[in-house]
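**Student:** just need the structure, nothing else, for what follows:
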Amino acid sequence: MLPQADGSWQVSANASPGGNEDTQDIYNEELSQVRFSEFSAADAGYLVEHRIFCDWVELHNNSSQPVDLSGYILSDNPGNDKYIFPENTVIAAGGYLTVYCTDQVSDPKVAPFGLSRLREETLVLKNRQGQIVELLRTY
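**Tutor:** Residues are numbered from 1 along each chain as shown. Now for the predicted structure:
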């Protein structure tokens with residue numbers, strides 16, 4: 001999924017589950033300048049060190065300053081905080097960060113959940129205080 005200038009999302013043939021999904025995207029820029037820029041629920045990312053294909057989420061820092069994500073939370077369930085970013089996880093000003101997602105490996109740099117391309121999916125990013133920065137749902 002790729003974000004559009006009007007805040008909507010467009011399906012990308014190369015990186016997303018495909019189909020004509022409807023999406024709901026709630027973003028609170030007052031809490032953080034980091035937001036979802038793209039994701040794949042089709043095992044399209046190759047995690048070299050573990051030699052597996054897995055899902056991934058790409059985050060973008062929209063600000064002109066680096067953002068420290070240490071303690072931020074990424075999950076596929078708003079009520080279940082599944083992945084806490086490790087200390088010193090920083091996205092450079094205007095930069096991007098890819099987070100691989102799979103429950104097949106145990107690694108502090110890998111979010112321990114997968115994304116579904118066959119059913120409704122939710123992505124949530126919370127700040128250190130547990131406030132929702134962005135909530136994305138595909139239907």
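**Student:** how about the secondary structure of the residue minimising distance to the centre of the chain?
**Tutor:** Nearest residue to the geometric centre of the chain (CA atoms, centre = their mean): residue 57, 3.6 Å. What DSSP: H, G, I helix; E, B strand; the rest coil gives for residue 57 is strand.
**Student:** list the buried residues in the longest strand belonging to the chain.
**Tutor:** Identified as the longest strand of the chain according to DSSP state E is strand 34-47. If you call a residue buried by 16 or more other CB atoms under 10 Å, then strand 34-47 has these buried ones: 34, 35, 36, 37, 38, 39, 40, 41, 42, 43, 45, 47. C-betas here are computed from N, CA, C, even on glycine.
**Student:** output the contacting helices and strands for that strand.
**Tutor:** strand 2-3, strand 52-61, strand 96-101, strand 121-126, strand 132-138 (3 or more CB pairs under 8 Å, 6 or more residues apart in numbering; DSSP states H and E).
**Student:** any residues touching the second one, and which ones?
**Tutor:** Read that as strand 52-61. For strand 52-61, contacts defined as CB atoms under 8 Å, 6 or more residues apart in numbering pick out 33-47, 67, 69, 74, 91-102, 104-105, 110-111, 114-115, 123, 125.
**Student:** what's the offset of that strand from the middle of its chain?
**Tutor:** 6 Å (CA atoms, centre = their mean, to the nearest Å).
**Student:** touching, residue 26 and residue 132? I think so.
**Tutor:** Yes. When contacts are counted by CB atoms under 8 Å, residue 26 is listed as touching residue 132 (7.3 Å).
**Student:** neighbour count for those two, which is higher?
**Tutor:** Higher neighbour count among residue 26 and residue 132: residue 132, with 15 against 12, using other CB atoms under 10 Å.
**Student:** without its sequence neighbours, what residue ends up closest to the more buried one?
**Tutor:** Once flanking residues are discounted, residue 132 sits nearest to residue 126: 5.5 Å by CB to CB, 6 or more residues apart in numbering.
**Student:** gap between the one you found and residue 45?
**Tutor:** Look at residue 126 and residue 45: by CB to CB, to the nearest Å, they are 22 Å apart.
**Student:** which residue is the nearest non-sequential neighbour of residue 41?
**Tutor:** Leaving aside its chain neighbours, residue 41 sits nearest to residue 115 (3.6 Å; criterion: CB to CB, 6+ apart).
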